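J.: Next input, structure requested:
(2 chains)
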Amino acid sequence: MAVFIIRRLLWMMLVLLVVSAITFILLRSVPGGPFNTERGVPEPVQRSLEEKFNLSAPLPEQYLKYLTDITIPRITGEEFRRSLTNDYLINMPLPFLGEKTYLRWMNFGPSLRVRSRTVNQLFLENLPISFQLGIAALVVAVAIGVPSGVVAALNRNSWLDYLSMGIAITGVSVSIIVSAPLLQYLFGVQWKLLPASGWGTLQQAILPSFALGFTYSALLARLTRASLLQVMTEDYVRTARAKGLSERVVVIIHALKNALIPVVTVIGPLFALLVTGTFVAETIFAIPGMGRYFVTSVTNRDFTVVMGTILLYAGFLVLANMVVDILYAWLDPRIRLS
Amino acid sequence: MAVVEGNRDLQSSDVVKLETHIKGESLWASAGKRLLRNRLAVLGGIIIILTILLAIFADAIAIKPYFETDLPSGDSAPYWVTQVFTSMVPVENGGYVKINNDYPLGADKLGRDIFSRIVYGTRISLAVALVGPILALAVGVGWGLVAGYFGGWIDNTMMRIVDIMYAFPTLLFIILLMTFFRFSTATPEPGSFAYAMGQLDKSMGGLLFIFVGIGLTSWMQMARLVRGQVLSAREKEYVESAKSMGATTPRIMWQHILPNIMGPLIVAETLTIPQYISYEAFLSFIGLGVQVPTPSWGSMISEGSRAVSSYPNQAIFPALALFVVMFAFNFLGDGLRDALDPRMRGVE
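T.: The predicted structure is shown next:
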């Protein structure tokens, strides 16, 4: 198990290294920098700005510097002074090493467009909102998807099955681009039941999390149904029935527990997908999260913000997948770790 | 499968069907029959054919050119729209909506006809629906065939590359790629490669880069699928017999293995088409997709959703169009899967 985890961690580092290199190359080979605004900046000012943000050094050097700033954790006992180039996402106190000793990790550097802000500050302001939205959408997806999948499987080929699978295929076809304006109009404008946009209250969270979660509830419903149908034909279910257990016990204790294994393994990547895929929801519902911010940073060529977001999101996705793999092996001992 | 079908037909003593069986029913013919029996798949197919017709005859069906603006009638709507969307109260009744029945679904902010733009929008969505699978197949099949057939370190290296590409968050990657394309062709000097690409893309209304972006982000799934299929096909007798007859490796791959694994590939690609369509809509939605004034449903929804509380028709009609087409492709894909592989019916 330990070997497996270490191997996966090393693999994850390799993936992130490649991701960061591709992102860096793509972003920096685009002509024009973040300081080429429409009004234009005087030549010397631009040069000093580039100097300040380390944009004039040779590209490989910039890349290495950027990478070491993010990846190398620092354990320091010095008085910490936050500045544009010295701001860490993770500041963990290490009281056993000394009173003011901190582990500081992940310095994503300053934002190039939002003056006097670091990428970390932008993360801290915007990421929690995207996370909340992603978690809310996941709750919606699971709460709708899993029960309807179970109902469909237990009433196979009945109207309940057709109904829930019909809803599922509708859900798959409704991309958030479709459902978001529709929900916004129906509930926000026509029936005036919920606020059509904004973020902060529980009511405001309902529409975007439904719009985002509904599509994936369809995916979960299909998966749950397929998995449960398959498990119901297994020998151990027949054995349980033969023992004379009630159908309820058979389904809940014997079948469902095993049928949900593939579902659980999907939820991990799904969570990562939902958290990192909130661009459209945030744009339509005017939610000040990281997704909306990312889109503007891309057009503004705010290199450090774009790099940081992609790296953080990619890391999050890879980590989620790894956790799921481990969980999978732990839940189902038949699966060999390899 | 044809044999099984034939036996059942024999028992039911259906002479007409018996004859077709004697003639020999290929896998495709029997799959086609099964597909036609699936009503939802047929419905999906009909919708797709209608959409294709709309795209071909867009010039005749659209009542106005998609780029024609008419500022005085901007944001106007026909009477029936105000009846459906009751929050849109006409000016005559003390509201704010200009009534103009010349526009069947209303006009957008610039006075462009929404109906005509939706009709022309079918071209973009269908182009993506057609080219997306071709790109994914072209790259993914080659990659998967080579990796699966040769195995060993070649397979290992190639599949690790796929794994790394997989780890890239697709949406972020596609945004990044589009940004790269759009910016690096924005202001290059004439005569350079970037300039030529930019001009080509412009002449296609921004579609070229959408194709490349989708192609670069979606071949991995196909490569994995093909590799898995090849690994199992490689062990089959027909490959061995082809080998013993002295067939060359490329010939075995193309003539023997590929036709035998085509079924699952087609099913997988049909089921991915809605995803391609939604990628385009998504990119156009955030302004990195098609370039103005090319009409795309995604960009129309994006523009419309800014005014959804006052003019819901501007976002909801293109959204419905997008929904119907994605729905149709999903139904057809599901039907194809059931038809080509009856074992999978009801399992997923």
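J.: so how far is the longest helix seen in chain B from its chain's centroid?
T.: Longest helix in chain B by number of residues, with DSSP state H as the criterion: helix B:114-150. Using Cα atoms, centre = their mean, to the nearest Å, the distance from the centre of helix B:114-150 to the centre of the chain it belongs to is 6 Å.
J.: tell me which parts of the stretch 51-200 of chain B are close to chain A?
T.: By the rule Cβ under 8 Å from any Cβ of the partner chain, the part of the stretch 51-200 of chain B lying against chain A is B:85-87, B:163-164, B:167-169, B:171-172, B:175-177, B:179-180, B:183-184, B:186-188. Quick note: C-beta positions are derived from backbone N, CA and C, even for glycine.
J.: From those residues, which land in helices?
T.: Short answer: those in helices (DSSP H) are B:163, B:164, B:167, B:171, B:172, B:175, B:176, B:177, B:179, B:180, B:183, B:184.
J.: And the residue of the stretch 201-338 of chain A that's closest to chain B?
T.: Residue nearest to chain B within the stretch 201-338 of chain A: residue A:226 (4.4 Å; Cβ to the nearest Cβ).
J.: In PyMOL, select just the buried ones from the residues of the stretch 51-200 of chain B next to chain A.
T.: Under the burial definition 16 or more other Cβ atoms under 10 Å in any protein chain shown, those of those that qualify are selected in PyMOL by:
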select buried, chain B and resi 85+87+164+167+168+169+171+172+175+176+177+179+180+183+184
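J.: Show me the shaky parts of the chain.
T.: You didn't say which chain, so I picked chain A. A:31-41, A:52, A:332-338 (pLDDT under 70).
J.: Not quite, go with chain B.
T.: B:1-27, B:187-188, B:341-348.
J.: Contact residues of the stretch 101-250 of chain A facing chain B?
T.: A:156, A:169-170, A:172-175, A:177-178, A:180-182, A:184-185, A:188-190, A:196, A:222-223, A:226, A:229-230.
J.: mind listing the strands for chain A?
T.: A:74-76, A:90-93, A:102-105 (DSSP state E).
J.: quick one: contacts of the first one?
T.: Contact with strand A:74-76 is made by A:88, A:94, A:97, A:101, A:102, A:103, A:104, A:105, as judged by Cβ atoms under 8 Å, 6 or more residues apart in numbering or on different chains.
J.: Over to the second one?
T.: By Cβ under 8 Å, 6+ apart, the surrounding residues in contact with strand A:90-93 are A:73, A:80, A:101, A:102, A:103, A:104, A:105, A:106.
J.: Contact partners for the last one?
T.: What that stands for is residue A:106. A:70, A:88, A:89, A:90, A:120.
J.: who does the fourth one bridge with?
T.: Think residue A:90. With DSSP bridges applied, residue A:90 shows beta-bridge pairing to residue A:105.
J.: Please give the number of neighbouring residues around it.
T.: 12 (other Cβ atoms under 10 Å in any protein chain shown).
J.: and it, how far is that from chain B?
T.: Using Cβ to the nearest Cβ, to the nearest Å, residue A:90 is found at 21 Å from chain B.
J.: In the stretch 1-150 of chain B, which residue sits closest to chain A?
T.: residue B:87 (5.1 Å).
J.: and that residue, what is it in contact with?
T.: A:189, A:190, B:309, B:312.
J.: Tell me which two in those residues are the farthest apart.
T.: A:190 and B:309 (10.0 Å; Cβ to Cβ).
J.: before we move on, the earlier item: out of the contacts of residue A:106, the closest to chain B would be?
T.: Closest to chain B, out of all of the contacts of residue A:106 and judged by Cβ to the nearest Cβ, is residue A:70, at 16.8 Å.
J.: can you name the farthest residue from the center of chain B?
T.: residue B:94 (44.2 Å; Cα atoms, centre = their mean).
J.: wait, what's in contact with that one?
T.: Per Cβ under 8 Å, 6+ apart, neighbours of residue B:94: none.
J.: Now it, what are its backbone angles?
T.: Main-chain torsions, residue B:94, degrees, to the nearest 10: phi 90, psi 10.
J.: Not counting its neighbours along the chain, what's nearest residue A:249?
T.: With Cβ to Cβ, 6 or more residues apart in numbering or on different chains as the criterion, residue A:249 has its nearest non-adjacent residue at 7.5 Å, and that residue is residue A:240.
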